[in-house]
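# give me the fold of what follows.
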Amino acid sequence: ATLDTSGTLPIAYPPADAVIPPNLGEMEVHWIDAANHDVYELSFESAFVRFKTYVNRLGTNNYNVLTPAQWALLGQGSPGPSKVRVRGLLTTAPATFVQSEETITIASSEVKGGIYYWNTNEAAIMRYDMTTQAEPPSRFYPATASGECVGCHAVSRDGTVVAYRQGGGNLNYGNSLKVEGLQKQIAQDTVQWNFAAIHPNNTDMFITDQSGIARVDLATGISAPLYTAARMAQPDVSPDGKTIVAIELRGGSEVWSSAGRIVAFDYDITGKTVGAPRVVAEPAAGAHLFYPSISPDGQWLLYNQATGGSSYDNPQAQLWVTKLDGSTAPFRLTQVDMPASYNSWPKWTPFAAQEMSTTASGEPIMWFTFASRRPFGVRSPGAQKPQLWMAPFFPNRDAATQSVSAAAVRLPFQNLAQGNHIAQWAEAIVSVE
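Numbering: from 1, shown residues only. Okay, the predicted model is just below:
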């Protein structure tokens, strides 16, 4: 057959120029064909590997799922740029074919750790281990449906402690669990908060209520004010435990903030005190900032910015990054963002890695996830429930001249009919037994 250059097969997923971890699990390729071809050749071609598979027509919208084993072979055999090509042929007129192609990059560094997220259909905190792609997500808490939201959760860095808040709303009682044995650490219905962050020592937990930031001693379950000069929301703590960031609230409620900037506190681990807040990021005119997250190397701050609406399920939420010490001007991750797609709840994975390729000596890479209602190729072109998406970040690149990130890919363990958000990461999934 010869190539018919007048025809095409638009590739709908993965997005062009995406950087995809080798341990993603399943990998899907989607394409659109309105010309009634009935058999397709799907191929990945890189410096050392050529993979081909053949697919029958599904309809106008077609897709093929590579198994975790197939995707892992591609990543192990040839990390780096890979050409994705789809060719279509009509078996009753096989003299010509049409094709489309794009380039993606298969990363050399795996994403490690475990992810805890809120599933709206299960009404539970679910968890998934990136090191065991063959295992589906499991229900973590509560063990059975209770009809109560516990989704504003936090996870310790080592994965041994998970905190949750009961019942939703702007302020409600919460608790903390030792993962092994699911032992509660706080007397029931004694401490209220909106959001929490757990210190790497697994003893200090920082919570925000309607009066600022407080510290909960998880050894005793006792709460004490830490900073009360301004309303605060959505705290996070650095990997070394020396910095706390939060939203300084200027409008809305702690859960549905509608005006605010990001400030940082130096935390005295011995004295259990904080210094005066310093401003890390100011919003653009008419905008507000929310959901800050400190990178695993402790150098960067990832967060949302939106104009209008609140921090909850905002269709205008954008992904922004700045240096935690304020040494760089904030910049938007335009390679990842998709307009009006609810790009919300960003969170770093727990490890920084070194990315190697066939064309470079290597550079640092970090990964992050976020919730989005963006279309998923041809399988979910609109009205999508929130799903968890992942993208890379290259901290050594110059945002003014280089692509510091890349188009995001969907984490494949999810059910498209179920809503997932508030992804929190830990270094490992700890057994409850």
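
# residues contacting the residue nearest to Leu324 when sequence neighbours are not counted?
Distances taken as CB to CB, 6 or more residues apart in numbering put Leu301 closest to Leu324, at 4.9 Å, once the chain neighbours are dropped. All C-beta spots, glycine's among them, are computed from the backbone N, C-alpha and C. Contact analysis of Leu301 by CB atoms under 8 Å, 6 or more residues apart in numbering lists Val245, Ile262, Val280, Ala281, Pro292, Ser293, Ile294, Ser295, Val321, Thr322, Lys323, Leu324.

# over to Phe413?
Gly25, Glu26, Tyr128, Gln133, Pro136, Pro137.

# and if you look at Leu177?
Counting by CB under 8 Å, 6+ apart, Leu177 touches Tyr141, Val161, Val162, Ala163, Tyr164, Gln183, Lys184, Gln185.

# just the buried members of the residues you listed?
Burial by neighbour count, judged by 16 or more other CB atoms under 10 Å, picks out Tyr141, Val161, Val162, Ala163, Tyr164, Gln185 from the contacts of Leu177.

# and which of the contacts of Leu301 is nearest Glu45?
Of all these, Glu45 sits closest to Val321, with 32.8 Å by CB to CB.

# the helix or strand Glu28 falls within: partners in the sheet, and parallel or antiparallel?
Assigned by DSSP states H and E, Glu28 falls within strand 27-32. The pairing partners recorded for strand 27-32 under DSSP bridges are strand 11-13 (antiparallel), strand 61-66 (antiparallel).

# and the contacts of it?
Under the criterion CB under 8 Å, 6+ apart, residues 9-14, 20, 40, 42, 60-66, 70-71, 84, 86, 100, 377-379, 412 lie in contact with strand 27-32.

# could I have the buried ones of the residues you listed as ChimeraX selection syntax?
In ChimeraX, this line selects whichever of the contacts of strand 27-32 come out buried by 16+ other CB under 10 Å:
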select :9,11,12,13,14,20,40,42,62,63,64,66,71,84,86,100,377,378
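
# is the nearest residue to Gly241 once chain neighbours are set aside in a helix, a strand, or coil?
Nearest non-adjacent residue to Gly241, counting by CB to CB, 6+ apart: Pro200, 4.6 Å away. Per DSSP: H, G, I helix; E, B strand; the rest coil, the secondary structure class of Pro200 is coil.

# could you pull up the residues touching Pro200?
Counting by CB under 8 Å, 6+ apart, Pro200 has contacts Ser156, Arg157, Asp158, Val237, Pro239, Asp240, Gly241.

# what subset of those residues is buried?
Among those, those buried by neighbour count (16+ other CB under 10 Å) are Ser156, Arg157, Val237, Pro239, Gly241.

# for Gln188, see how far away the residue sitting nearest the centre point of the chain is.
By CA atoms, centre = their mean, the mean C-alpha position of the chain lies nearest to Thr369, the distance being 1.1 Å. Distance, Thr369 to Gln188, by CB to CB, to the nearest Å: 32 Å.

# cool, Pro68 as well?
For Pro68, the distance to Gln188 (CB to CB) stands at 41 Å.

# likewise for Thr208?
From Thr208 to Gln188 the distance is 21 Å (CB to CB).

# name the residue in the two with the higher neighbour count.
For Thr208 versus Gln188, neighbours defined as other CB atoms under 10 Å are more numerous around Thr208 (26 against 10).

# element containing that one?
strand 204-209.

# and that strand, which strands flank it?
For strand 204-209, the paired strands and their directions (DSSP bridges) are strand 195-198 (antiparallel), strand 212-217 (antiparallel).

# got a list of contacts for stretch 10-20?
Here stretch 10-20 makes contact (CB under 8 Å, 6+ apart) with 27-32, 61, 63, 84, 86, 100-107, 335, 376-378, 391-392, 403, 406-409.

# so where is the stretch 1-150 of the chain shaky, pLDDT-wise?
Of all residues in the stretch 1-150 of the chain, none has pLDDT under 70.

# what about the helices in it?
Using DSSP state H, counting those that start in this stretch, the helices of the stretch 1-150 of the chain run over 68-77.

# returning to what we had before: just the buried residues from the contacts of Leu301, in ChimeraX please.
To isolate the buried ones among the contacts of Leu301 in ChimeraX, judged by 16+ other CB under 10 Å, type:
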select :245,262,280,281,292,293,294,295,321,322,323,324
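
# okay, the contacts of Leu301 in TSV with distance to Thr91 next?
Shown next, in TSV, are the contacts of Leu301 (distance: CB to CB, whole Å):
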residue	distance to Thr91
Val245	59
Ile262	58
Val280	60
Ala281	57
Pro292	55
Ser293	51
Ile294	56
Ser295	52
Val321	50
Thr322	55
Lys323	57
Leu324	58
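
# between the contacts of Leu301, which is closest to Val432?
Checking these against Val432 by CB to CB gives Ser293 as the nearest, at 25.7 Å.

# ok now the helix or strand hosting that closest one, how far from the chain's centre?
If you go by DSSP H and E, Ser293 is part of strand 287-294. In terms of CA atoms, centre = their mean, to the nearest Å, the centre of strand 287-294 is set 14 Å apart from its chain centre.
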